[in-house]
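Trainee: Only the shape, not the letters, is given here:
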């Protein structure tokens, strides 16, 4: 089926609960869902057929979970059409991948479990940082389910522009008139239930991007390292020889590990040549380890380099930095806490399904 003549539509299709199928989806040009227990081609099925398949595959599945799964599988198999946009929120890189569906549902019997149910996709842009996307659109994309339509906040048109230029054009006048001050829906259904933890991290990220620009981000990183017990030195603003912060252990900072840190506050993803430059700078300072903190994240080749140099090179993207902040928040200086006021809350953790 093709949607070339209809209105632009967009779908979120997650690639595994922990992102375990993300690389496969991007490298194989497919959208992929799990449901590894479903070992049957669903091409010529009704909702009732899918319900029976799921009941046979997992007799212990509860009534609510069963209905939820039926809806998601039916959408993936029958409702997504060629020409629709497909979005994967990439957990492993804190980015979005956007592509166009270019084929009907396929069941690949010989594929590994979890990778048998696919839709062919032409990926257009695969490393869009979340912080370059409006909060209202991130909310729209933050649903808990594996497969759902992105309908609110002019999502399809904005995602189309994001895929083309990497920039979110913001709300249209039509959407802004009725929703400018309330980016979150006033009613909740299955498709608008969101990952509250992810939403909170997105809002913290937006606040940090505003309050800790340029050299202030290096100050924040230094404060985290001090909270973790390191003795530090931070380069003043200006030329720094490729290193923003030096950190080491021991009462005088003379013990190992000795860490050379570079902090990039820009929105562009860091590439491998830039990371190799830091390795060279770290060697000049006789550091044991290089730590690269990049607010704009790292491209795939840079992440591969970091994995191959695990003992010599570590990386933090914006979400890693937030994790470090929350781990050490009570130990951060008062002036840092004043610029970044956070409150811990507890909530019931329900199964995403």
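Mentor: Received it, and whenever you're ready, just let me know what you need. Being a predicted model, the structure only gives us computed values, none of them experimental.

Trainee: and the strand or helix carrying residue 233, what does it pack onto?
Mentor: Under the criterion of DSSP states H and E, residue 233 resides in strand 231-234. Packing partners of strand 231-234 (3 or more Cβ pairs under 8 Å, 6 or more residues apart in numbering; DSSP states H and E): helix 215-227, strand 245-249. Yep, even glycine has a C-beta here, placed from its N, CA and C like the rest.

Trainee: which residues make contact with it from outside it?
Mentor: Under the contact criterion Cβ atoms under 8 Å, 6 or more residues apart in numbering, strand 231-234 has outside partners 218-219, 222, 225-226, 244-253.

Trainee: Sort out which of those are buried, if you could.
Mentor: By neighbour count, with 16 or more other Cβ atoms under 10 Å, the contacts of strand 231-234 hold 218-219, 222, 225-226, 244-249 as buried.

Trainee: got any ranges where the protein has weak pLDDT?
Mentor: For the chain, applying pLDDT under 70 flags the ranges 1-6, 171-194, 239-240, 348-353.

Trainee: and the longest strand along it, what other elements does it pack with?
Mentor: Secondary structure of the chain per DSSP state E: the longest strand is strand 117-129. Helices and strands touching strand 117-129, by 3+ Cβ pairs under 8 Å, 6+ apart, are helix 22-28, strand 30-33, strand 85-90, strand 95-101, strand 106-107, helix 155-165.

Trainee: quick check: domain ranges of the chain?
Mentor: For the chain, automatic domain parsing gives the domain ranges 10-194, 211-339.

Trainee: The ones you listed: which one's closest to residue 347?
Mentor: Among the domains of the chain, the nearest to residue 347 by Cβ to Cβ is domain 10-194 (12.3 Å).

Trainee: burial of residue 87, as a residue count?
Mentor: Neighbour count of residue 87, defined by other Cβ atoms under 10 Å: 24.

Trainee: May I have the residues that are in contact with it?
Mentor: For residue 87, the contacting residues are 10-13, 96-98, 141, 150, 159, by Cβ under 8 Å, 6+ apart.

Trainee: Residue 159 is in contact with residue 99, correct?
Mentor: No. At 10.3 Å, residue 99 and residue 159 do not qualify as touching, with contact defined as Cβ atoms under 8 Å.

Trainee: Between the two, which contacts overlap?
Mentor: residue 85.

Trainee: More neighbours: these two, which one.
Mentor: residue 159 (29 against 25).

Trainee: Verify the stated contact: the more buried one with residue 100.
Mentor: No. Assessed by Cβ under 8 Å, residue 159 is found out of contact with residue 100, at 10.6 Å.
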